[in-house]
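In: test case, fold it:
(chains A and B)
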Amino acid sequence: MSPTPHLQVKNLTMAYADTVIQQNLNFSVNHGEIFIIMGGSGCGKSTLLRHLIGLMEPATGEILIGGADIWTSSAKERSRMISRTGVLYQSGALFSSMTLGENIALPLSEYSSLNKEQIAKVVSYKLSLVGLSGFEDYYPSEISGGMRKRAGLARAMALDPDILFIDEPSAGLDPVSSRLLDRLILELRDSLGTTVIMVTHELESIFSVGDTAIFLDTDEKTMIASGPPRSLLAESTDSRVRNFLARAG
Amino acid sequence: MAESVQAQFKLDPVDNGLMLHLIGSWSYSADIPDATTLLPHINSFQANSVSFNTEQLYTWDTGLMTFLIDLIDTCEKNNIRVDKSNLPDGAKRLLNLAYAVPERKGARRRILGQPVLAMIGNVTIEMHRTWNEMLIFISDLCRAVYNLILGRARMRASDLFYQIEAAGPSALMIVTLISTLVGMILAFVGAVQLRLFGAEIFIANLVGLGMAREMGAIMTAIIMAGRSGSAYAAQLGTMQVNEEIDALKTMGISPIEFLVLPRLLALCITMPLLCIYSIFMGILGGAIVSAGLFELSFYQYYQQIQDFVPLKHFIIGIIKAAIFGVLVSTAGCFRGLQCGRSASAVGFAATSAVVTSLVLIIVADAVITVICQVLGV
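Out: Here you go, the predicted structure:
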């Protein structure tokens, strides 16, 4: 018997009021996999991510994490799921009124029984992982966009989540910072076995970190391809997918 | 169950060093030992190196990593070598990652208490900076008004009408409620004393004069400071965060003309009108209390006001309202344009707009009262 996928999407339709964004989405993500959601601008990638992290309710269909539907689970189960999930938003979404240390400490104080001293050690460790040692007392407005994103990743990883959702990690970053962030994500996955679901249209990221990718199409309003990115580039018969991925070369 | 075994360690001497056996589950939820407590043991063995045995280590996460980092840092400080080769692969990779970027020199901040003199100095410098910015803002505003008079100001009429609608008709409900209640309170408090002398008839004088000359304008201004002044600061502050103000500047459009002028004009137009409305609602509130509780008829109340509250008091109140309108809009817009580039800065701008408006309203009211006294009006 094959193991339960970490995340499974069944017949998902996403809509804003009567406007369907994507329909009949079916895919699954295995434990420890880096899964890429790609497609052109406005195809619904970020909307799909918002559905996966439970911020938007599906029009129809199911989203299962570890076999449990995130919309029909009990409040207790949902709270447990949240504590095992990390999200890195496009802008980092750090709380501007808190220091980086306080930002990272927030989920720890909410969901763990660690005392203040232990939390301070974890904060320091998480910041060192993303190359921000010693920046605990800085406010988000005092650091660069790339640093904010890395601090956002440290906060997303604070509770050692089983599954990490990342929205456009490269947005607003220079190519060097983007590649460093890609390497960091890869390293964290390899070390901790975290499942990573990443929305991006940055081709270098797709090829360098992605194990599996799906391609969402704006016109057909559904997923038109799935598989390892390099196989899609080499073998896909769909010209839209090939054209999208060929821009990398 | 093996995975539920608490985090433990055991030390064994090997060659010139120590073997640290990590046993059980080293995770967040477990009670992780403090690495610094190991140092006395290491010293007692006179060990010059520490290695690991992880055969009985069941699960691990950040709990183990913080312990290892603490241990490595403690050992390094005491010139004890740490052999990481037997650690789990993932832990080794994470340690490499954690030590890959050394702490930037001077990055860590020392949070020290500031001496009182330094605090006074900083506050003074900040006040001086704000004062300078305010003077620049006022001079820019005067230039914008001059351009408006010459018909050269870049301001959209639609913005002005929208701001008038938002500041005027939309505020009627709250002005009605507050002004009527203030009129009723004035009448009630005054009547209790006047009754002792059988002079309830003078309730009308008290309410009429109080509302026309002072309370109508002040209450309207306070309402508008909380309602429109804070909204202006939040709107312009958010535009600052979203770089919309920068976009206007780079297009060669003055934010003062495009954003501040419509708001300033809107409050200059609506405040006197709201003040007139507020005065009449206050007088009506007083009439309700007089007629309901103190057997003074509406006609007597009206006659008393007509005879003893001359028009000049109403005009002074309306002029005050116009001046307060300028102050509230100027304070709101100034704080909005002064706003930083974060969400908390927008909140701070809105709060400080209200505080600044209230201070300016009271100070201006005191100055106008003194001027009226000197002029004998």
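
In: now B:Leu20, what are its backbone angles?
Out: Note on B:Leu20: backbone dihedrals following degrees, to the nearest 10 are phi -100, psi 110.

In: doesn't B:Ser51 make contact with it?
Out: Yes - applying CB atoms under 8 Å as the test, B:Leu20 and B:Ser51 come out as touching, 7.1 Å apart. All C-beta spots, glycine's among them, are computed from the backbone N, C-alpha and C.

In: list the buried ones in the lowest-mean-pLDDT helix or strand in chain B?
Out: In chain B, no helix or strand scores lower on mean pLDDT, DSSP states H and E than helix B:38-44, which sits at a mean of 80. Residues of helix B:38-44 classed as buried: B:38, B:42 (neighbour count, 16 or more other CB atoms under 10 Å in any protein chain shown).

In: one step back: give me the more crowded residue out of B:Leu20 and B:Ser51.
Out: B:Leu20 (22 against 19; other CB atoms under 10 Å in any protein chain shown).

In: residues contacting that one?
Out: B:9-11, B:38, B:50-53, B:71 (CB atoms under 8 Å, 6 or more residues apart in numbering or on different chains).

In: which of these count as buried?
Out: B:9, B:11, B:38, B:50-53, B:71.

In: and which of these is nearest to B:Pro272?
Out: Checking the buried ones among the contacts of B:Leu20 against B:Pro272 by CB to CB gives B:Leu71 as the nearest, at 73.8 Å.

In: can you give me phi and psi for the closest one?
Out: According to degrees, to the nearest 10, B:Leu71 has phi -60, psi -50.

In: quick one: A:Asn26 is in a strand?
Out: Yes - the assignment for A:Asn26 is a strand, going by DSSP: H, G, I helix; E, B strand; the rest coil.

In: picking up where we left off before, got CSV for the contacts of B:Leu20, with secondary structure and distance to chain A too?
Out: Formatted as CSV, the contacts of B:Leu20 follow (DSSP: H, G, I helix; E, B strand; the rest coil; distance: CB to the nearest CB, whole Å):
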residue, secondary structure, distance to chain A
B:Phe9, strand, 17
B:Lys10, strand, 22
B:Leu11, strand, 22
B:Leu38, helix, 15
B:Val50, strand, 19
B:Ser51, strand, 21
B:Phe52, strand, 17
B:Asn53, strand, 20
B:Leu71, helix, 12
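
In: not counting its neighbours along the chain, what's nearest residue 64?
Out: I went with chain A, as the question did not name one. With sequence-adjacent residues excluded and distances taken as CB to CB, 6 or more residues apart in numbering or on different chains, A:Leu64 is closest to A:Gln8, at 4.3 Å.

In: that's the other chain; I wanted chain B
Out: B:Trp26 (3.7 Å).

In: is it true that that neighbour touches B:Leu71?
Out: No - with contacts counted by CB under 8 Å, B:Trp26 stays clear of B:Leu71, the gap being 12.0 Å.

In: now do stretch A:183-190, average pLDDT.
Out: In this model, stretch A:183-190 has an average pLDDT of 89.

In: three-state assignment of residue 159?
Out: By default, I'm working from chain A. Reduced to three states by three-state DSSP, A:Leu159 is coil.

In: wait, it sits on A:Arg84?
Out: Yes - distance between A:Leu159 and A:Arg84: 7.4 Å, which falls inside the contact criterion (CB under 8 Å).

In: between these two, which one's more packed in?
Out: Taking neighbours as other CB under 10 Å, A:Leu159 and A:Arg84 compare with A:Leu159 leading, 22 against 15.

In: cheers, nothing more for now.
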